[in-house]
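Undergrad: this one's structure only:
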């Protein structure tokens, strides 16, 4: 099977990023900026360009719900075939629960989106199937515990 023409040249990979913080306290601490910086650094290493209009940022929205403005725009663009690769700091930025993470991963991959998690060093790209599901389930569970404890 021949790869799509837009995927054969790294400069033509339609890359996007997703970043999220759920609280005003996190937003004030600049964690969105640090997420974006880490993602852009990895994208540059991969020789990918993420245009400003491909920055999907939910500032002050909980990861407990899938109804978030930037996430909905991202999902719409992926559905329309407008994204080849999505950079995210870690799975819990997509969603707090493992079930929601899997819904999003399956949906995005179904639209041909390659996922690149920056802080997930073992097989951090999820081109075909989500590797290390146990690790991601543990990370999602930890994120839920941290949220319920009031630490973030």
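TA: Done, it's in. Fair warning: this is a prediction, and the values are worked out from it, not measured in the lab.
Undergrad: which element is residue 86 on?
TA: Using DSSP states H and E, residue 86 sits within strand 85-88.
Undergrad: what pairs with that strand, and is each one parallel or antiparallel?
TA: According to DSSP bridges, strand 85-88 forms sheet pairs with strand 15-21 (parallel), strand 114-117 (parallel).
Undergrad: tell me the most buried of the ones you listed?
TA: Looking across the strands paired with strand 85-88 with neighbours counted as mean count of other CB atoms under 10 Å, the highest average goes to strand 15-21: a mean of 24. Glycine gets a C-beta too; all of them are placed from N, C-alpha and C.
Undergrad: Do me a favour and average the pLDDT over stretch 107-121.
TA: For stretch 107-121, mean pLDDT rounds to 90.
Undergrad: Now stretch 99-112: buried residues?
TA: 100, 101, 102, 104, 105, 108, 109 (16 or more other CB atoms under 10 Å).
Undergrad: Show only the entries of those residues found in strands.
TA: In strands, judged by DSSP state E, none of the buried residues of stretch 99-112 are found.
Undergrad: Can you add distance to residue 46 and give these back as JSON lines?
TA: Shown next, in JSON lines, are these (distance: CB to CB, whole Å):
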{"residue": "100", "distance to residue 46": "26"}
{"residue": "101", "distance to residue 46": "22"}
{"residue": "102", "distance to residue 46": "25"}
{"residue": "104", "distance to residue 46": "21"}
{"residue": "105", "distance to residue 46": "19"}
{"residue": "108", "distance to residue 46": "17"}
{"residue": "109", "distance to residue 46": "18"}
